[in-house]
Each structure stands twice: as structure tokens, then as C-alpha cells.
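# Just to be clear, the model below is a prediction. Sequence and coordinates:
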Amino acid sequence: MTINKYIILALSILTFAGCSSDDDFSQEQSRLPLTFETSLSGSRSVTRAVGGSFDTDDELLCYVRHIYSTDLSTDKNYLEVDPYKKLVTIIDGEPTEKLYWDDFSDNNSDGHYLRTANHALQSFYGYCYNGGKPTTALVNATGVLGWTTDNDQTTDGDIKKNDLLWSPAQNPVTYVHAKENREGLSIPYTHAMSKFTIVVVADEGFEADDLNNATVTLKDMNKVGTFIAPTSTVEATGTTDVQMYANAVTTTEGKTSRAYEAVSVPLVSLTTDKLLATINNVDGNNYEVYLTDAILTAWTDGIKENKSQSGINYKLTITLKKQTITVVATLADWTDVSATGTGEINFTADVKTIDKDNDGLTDGDAFTLWKMSALTKEAFAEAKKTIATYNGSAFTYGKKLYWDKASDDSYFRALAKKETKLTAVEDTTLAQGTDLLWGTTAEHTGTEANGTGHKYEEGVAINPRTGAVPLIFKHVMSKVVVNLETTDDASQVVTTGATVTMTKVIDNGTLNIFTGKVKSGDNKSDVVVKNEKLSITEAIMVPQEINDKAKIVITLADGTTYSLLLNTCEDKDKKAVMDWYSGNLYEYTITLKKEEMQFCVMVKDWERNTGSGNATLDWD
């Protein structure tokens, strides 16, 4: 509490002959200075909108009047025709005019003499405008004025200009002849407005500068108030949204925070599920702040009849966490795993559900997941990545990925090597025998909470959402199987123990992680496709155009050799198979006869995974 005492004028004593001391008789004949004691306090718990004390340029108004009552302590009985009343102005610590007790008294008029019993001076009310202006002029006799909430309080100094201070009617102060017992007028000021302080903490997933451009707007604040200072009452009409003032960004224990402040005409509705404020552009994300039972319980002392009160600072700390991208990936026979979270981030088209199911994973399966902004899809080096590992019930992550901005779509791509389990890899170079799986967003229909459906094609950028993001995995490589058959007549050959080799096939290449397309290399080698002793029954091959040097060579256990050019083999439609494509299984069925070989080829789809994965958002 800050107290300023202003002596309006030094005591001027009219002395009489023979009087050398300041006795009761001499004081009775004096013009006595009026003392004001102003304070920013009162019995209410208040917080000044700007600082905790009066500023030197604050304009303090006090309406002083002479009253009469048979019992000043209980019945004020104000004189309706009393001419001795004045609106006193104090600026920069000094009154604008000299005032004395006798200025409010007339010893020549019956019932208007302060120096008689049952007469007193009263501070009827007080106001401090803090640099602002009433929207309806102050009515001196009643202390009524109009005050309007500015909808833009973002500039330094706006809070103070909106922060109206007032003082209610005070107990009367009677004239006392004895100087040592004489009182002044005490004028305690409190806040006529309600204040809201929202502290935004950028927690998990945010960078140090993500609050630099963030804005906070209070929703449905009261616009116009009619303030009656003597009785500390206010009437509110109209509503408006208020843009809050942003204080400097601070960092404590590694967390960045920023306090936003604004004042409003009191009696703002404060009820459960009311939209209190919006937080916008926190690294491109927007949030909504709704009042909960827990918040209202914490504010209980400042709420009356579900409305805000004068002189109360309603403070709320909001901790923001970017919603993490958690993945449930699927291949054949995987189990369904899901992760859910809640958040108040505003997504333009918030997909809640999708038309995809999930299959199973085994403990220890893992893959590398990339997230690329749709705005920089060609700059793969800038993509964010993590390793997702299934632990038997849920995924864990080497590093959490977050939705960057609510308005920015993102591409998702994944890569794993399939052995006994899925292993996360990042290397996009291809090697013969390595079964790589490439993941992209699946074709799906997403549905918002209101039933609106959105159709998404495979591989497109996905908008930020609280629902699932489906992933479909495809084999990067080609699979080749060779079956050996013979006849049951005299031309029968023994195929047991035979070895099948593909000669001069390309064994290297690279994968475009964004498109999923393969570019084959130029290195050629021989690859064993079938060898019973080595338990080889198939081969994982680099997708390629089959060159005119590549052959199938079959070597029987007795050393007999058969061979034919690969690109002369025909499929069931009698078309030569000239290429191996990603995700296809090429099954060559070879019929061997003594001194004769017949063959046919059947191309089958490899077991493409048709399952889906999804990512859900976490919010505090």
C-alpha cells in the first residue's frame, strides 16, 4: 500500500493580542488547512494494473462535501441544498487550488458551520483516470461516469489508460479544534475494472523464439460500464474482444514464457466451458482457452454470481505443448496400437477419424519416420526425422515430432529393413538381398467431428489433425522365385540339388525417399536364386530394366547346365518380362527335359502391406 500525504496549505494562524501560544482559542479563530491522505489500498485484495503505486502524473479526483447528521456514525442525512461541495483535483502530488476547512463552511449561515456539533466533511467518492478519459462525463453530484474497454490494449501504456481507479463514500470527518487530534480526509482508491493476466508457457516441442509473434485475445469482454463510485457499483452493457498487451519474453528453467495483460469492464460472465481467450501464432499454431471447473474454483474469491468483480486480477497460466506425432504402422498380421491425447490447438480441417484399420506389430519392430513440410518438400535434407520403436504395446521415439503450424500440411515418409524384425534405416542406397520397406500416407477418407469428410490420395500432404494419419508400407525391392519342374517320361531330369543363378543382373541403386521411386545403378553381378544346400529359395533383387546380357543359369547336381536370356522369358499373356518393378514378385516356373528346356513366367503381386499407421496429437 502506498500512502501520500498532501498538506494543502501551511497552517495560517490568526493571533490575538496577548496570545503567544497555539492554544484552543487561537485555533478556533484560524483558517485551518485541509489534509488529504490518499492510498492505493482498501480492504479488497487488488493488484494495480500498472505497478503497485501511484505515478507522479496520475490525476486524482476527490469529491468533498459538507454533511450534517444528528448521528454521523449511523445516519449521514446529507444536506440536499448544501452549497459547500467541490471536486478536488490533485496532479503530480499537488492540488490545483488551495483548500481550507472553512472553504466548506459558512459561520453566517444556519446549519452550515463546520465548527458546530454534528457537522463534518466527507470524501463522497474519488476517481483516478490514469491518462484515460470517461466516455460519459462525470456527474459531480452523483459520482456516475461512463467508461469503455478498449478492444486493442497491445501498446505500452494502454493498460494504464484503461485502468480506472475509484474510491467509495468514506466516513465523515469532524472538525477538531485540538491540532494534535485533528484528522484529514482519507481516500483509499481501488480498481474499478477487472484485470486478466494470461501467462503463456511454451513447453515441450517449442523453440526459444516461438512466443515472439504470439498474440492473446480475450473473448466477449464487457464493453461499456456505468460506474457509480460512492456505492462501488457498476452496470455493464455490450461485449467486445480485447487484444492483450504482451510483456517481454522470459526464460525460467529452460522454459520460455510470456505474460499477457488487459483490463475490462467488470461483471464479465465466468462460467464453465466459456471461451475465455485465443492464443494465436505460437510458431504458427492457434489455441483456445476454455474455463474449467478447476480454473473457476481457483478464482472463487474473485467471482460473484458467476461474474468478474472490480479490483480483481484473474491470473491464468497456460502451458502449451506441441502435439506430438505418434505412429502406429502396419504390415500383415500386425496388432492394432493407438495413442490418444487431447489439446486445444485449432486445426483448420481437424480430422478425427479415418476409414482405415490397423494390424499387428511385434515387440522390437522399428522404422525411421520423416516429416516434411509441404512448403519445402523438395528440401529433404531439412526434413525432421525420428526412430519409432514398438515395445509390445506402444511406440517409443528417439525424438518426438510435432505439428509445426496448424496451417501447414506435412508429408510423411518411412523406411525400414525387413529381416526377422523391422529395423530402422536411413540409408537409401539399395543392395542386393536387402528387403527395404518404404512407407507413405495411405489413400483414405478423414472425417471431422461434425461429419464432414475429406478424401486424401495416397502420398499427399496431410493437414494437422487430432485424428490418425494412416501409413502404408510397400516393398522397395523386387522378389524373384524360380521353380524347377520336369516330365515323368524318358526325358525326365533330376532337379534335386540343382542351383539357379541370375547372371549379370544389376545389384545396386538408390531410393528417392519422397517419391518412393528407384534408380538402378550400373554394377552387375551374379545372384544365386535357388540352392537347396544353402536353403536359398528366392532372391531380393534391385528393381531394374533387364539387360540383354542377364541370364538364368540352372546347374544340376551332376553338372549339367541350362541357360536362357532373362528378357526372353514370357508371362502368362505371352509378353516378354523386360522389367522388374518395386513390390512385385516374379515367379519363374522352368520345365526341364533332357536336351530340351521349356519355361513360362508368372508375375504376381508381392505381399504389399495394406495396413495403415496413424499419428495422434498430445495437449495439455
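Received it, and whenever you're ready, just let me know what you need. No experiment lies behind these values; they were computed from the predicted model shown.
# pLDDT weak spots in the stretch 201-350 of the chain?
323-350 (pLDDT under 70).
# can you pull out the strands in it?
For the stretch 201-350 of the chain, the strands defined by DSSP state E, counting those that start in this stretch cover 215-228, 233-243, 245-246, 250-252, 255-264, 275-282, 285-290, 303-304, 307-308, 313-320, 326-328.
# Next, format the ones you listed as CSV and append mean neighbour count and distance to residue 117.
All C-beta atoms are positioned from the backbone trio N, CA, C, and that covers glycine. As requested, the strands of the stretch 201-350 of the chain are exported to CSV (neighbours: other C-beta atoms under 10 Å; distance: least, C-beta to C-beta, whole Å):
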stretch, mean neighbour count, distance to residue 117
strand 215-228, 21, 31
strand 233-243, 17, 32
strand 245-246, 21, 53
strand 250-252, 11, 60
strand 255-264, 22, 44
strand 275-282, 20, 55
strand 285-290, 19, 59
strand 303-304, 15, 40
strand 307-308, 20, 44
strand 313-320, 18, 44
strand 326-328, 25, 82
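# For these, could you give me TSV that also reports distance to residue 202?
Below are the strands of the stretch 201-350 of the chain laid out as TSV (distance: least, C-beta to C-beta, whole Å):
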stretch	distance to residue 202
strand 215-228	13
strand 233-243	19
strand 245-246	13
strand 250-252	10
strand 255-264	5
strand 275-282	7
strand 285-290	10
strand 303-304	29
strand 307-308	27
strand 313-320	6
strand 326-328	21
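# Quickly list the domain ranges of this structure.
Split into domains by automatic domain parsing, the chain comes to 3-191, 478-605.
# Which one, of those domains, ends up nearest to residue 213?
With C-beta to C-beta as the measure, domain 3-191 is the member of these nearest residue 213 (12.4 Å).
# re the thing from before, do you know which of the domains of the chain lies nearest residue 433?
Closest approach to residue 433 among the domains of the chain is made by domain 478-605 (5.2 Å; C-beta to C-beta).
# what ranges of the stretch 51-200 of the chain fall below the confidence cut-off?
Using pLDDT under 70, the stretch 51-200 of the chain drops low at 51-53, 81, 92-94, 177-183.
# any chance you could map the strands in it?
Using DSSP E, counting those that start in this stretch, the strands of the stretch 51-200 of the chain run over 59-68, 85-91, 94-95, 119-128, 136-139, 144-148, 165-167, 185-191, 194-202.
# Would you mind giving those strands as a markdown table with mean neighbour count added?
A markdown table is the format used below for the strands of the stretch 51-200 of the chain (neighbours: other C-beta atoms under 10 Å):
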| stretch | mean neighbour count |
| --- | --- |
| strand 59-68 | 22 |
| strand 85-91 | 17 |
| strand 94-95 | 14 |
| strand 119-128 | 24 |
| strand 136-139 | 14 |
| strand 144-148 | 20 |
| strand 165-167 | 27 |
| strand 185-191 | 21 |
| strand 194-202 | 22 |
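# will you turn the domains of the chain into a markdown table that also has distance to residue 263?
Shown next, in a markdown table, are these (distance: least, C-beta to C-beta, whole Å):
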| stretch | distance to residue 263 |
| --- | --- |
| domain 3-191 | 5 |
| domain 478-605 | 51 |
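# Which one, of these, ends up nearest to residue 244?
So among the domains of the chain, domain 3-191 is nearest, using C-beta to C-beta, at 6.3 Å.
# any idea how far that closest one is from the chain center?
48 Å (C-alpha atoms, centre = their mean, to the nearest Å).
# Bridging across strands, which residues link to residue 320?
residue 202 (DSSP bridges).
# Revised request: answer the last question for residue 218.
Applying DSSP bridges, one finds that residue 218 bridges with residue 242, residue 277.
# what does residue 580 give?
Note on residue 580: beta-bridge partners by DSSP bridges are residue 544.
# ok, back up a step: wait, which of the domains of the chain is closest to residue 409?
Closest of the domains of the chain to residue 409 is domain 478-605, at 14.3 Å (criterion: C-beta to C-beta).
# Do you have the strands of the stretch 401-550 of the chain handy? List them.
Under the criterion DSSP E, counting those that start in this stretch, strands of the stretch 401-550 of the chain are mapped to 410-418, 422-424, 429-431, 436-441, 444-448, 453-456, 471-475, 478-486, 499-506, 508-511, 518-520, 524-531, 539-541, 544-545.
# what about those strands, which gets the closest to residue 97?
strand 444-448 (67.4 Å).
# on contacts alone, who are the packing partners of the closest one?
Applying 3 or more C-beta pairs under 8 Å, 6 or more residues apart in numbering; DSSP states H and E, one finds that strand 444-448 makes contact with strand 351-354, strand 453-456.
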